[in-house]
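Student: prediction below, plus the sequence it came from.
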Amino acid sequence: MTNRIRDIRKAKGLTLADLAAACDPPTTAQTIGRLETGMRQLSLGWMNKIAAALGVEPASLMRAEAAAPAQIVADLTAAGPQPLTAPREALAPSALAEGDGPSPMVLAVTESVGEYRPGDLVWLRPLDPQADQSSLGRAMNRDCLVPRPGGRFAFGRLIERDGARVRLLPPGVGVKQVVVDNPPWVAVAFMLVRAL
């Protein structure tokens, strides 16, 4: 079992020092760093302290080695989705049941685009367009993320599928549709997480 302290801490925008200070009683950033990396054993007592400081359930700090976490793969800006140099783990709301199949992907919104606001997380479920025709049909008129050549992405409402081509209408006013030939997958949005 590996721990998810670093992933949760970063997703909440905390530094090692912030988390150390939030613990009761406060500890050092060095101690938190050692617990994150596994250089120090994460006891039940430490799990409870750190979970309380992060505002999560203690069990959410642990992850089985085989479980593939959902990944934030791109940031959505006014210029469109921008791929990340390295994907980051996305924190799933406790109500989300990921189930079997491929791990969800997440699009982090960094600028207001259409109805999306900075801080929004758009959760997407990848589909294989060649293998799963009925799922792709249910993706029509829903927001989707599609890979493009050169490691880029297209994001928008799936408005048409013509053979191996898909057409997306990006969010926003006065934008042109994007056509992607033969994408290896299409990820359809199934959940929007917005902090209040």
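Tutor: On my side now, so go ahead.
Student: show me the contact partners of stretch 103-116.
Tutor: Residues external to stretch 103-116 that are found in contact with it (CB atoms under 8 Å, 6 or more residues apart in numbering): 68-78, 81, 90, 92, 96, 98, 117-126, 145, 155, 170-172, 187, 189-190, 192. No exception for glycine: its C-beta is placed from N, CA and C like everyone else's.
Student: these, buried ones only, as a ChimeraX selection?
Tutor: Command for ChimeraX that selects the buried part of the contacts of stretch 103-116, burial taken from 16 or more other CB atoms under 10 Å:
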select :69,70,71,72,73,74,75,76,81,90,92,120,121,122,123,124,125,126,145,155,170,171,187,189
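Student: next step: the contacts of stretch 103-116 restricted to strands.
Tutor: If you go by DSSP state E, the contacts of stretch 103-116 have 71-77, 81, 121-126, 145, 155, 187, 189-190, 192 in strands.
Student: element containing residue 47, please.
Tutor: When secondary structure is defined by DSSP states H and E, residue 47 falls within helix 44-54.
Student: domain assignment for this structure?
Tutor: According to automatic domain parsing, the chain comprises the domains 2-63, 71-193.
Student: now the ones you listed as JSON lines including mean pLDDT?
Tutor: Rendered in JSON lines, the data for the domains of the chain read as follows (pLDDT from 0 to 100):
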{"stretch": "domain 2-63", "mean pLDDT": "88"}
{"stretch": "domain 71-193", "mean pLDDT": "83"}
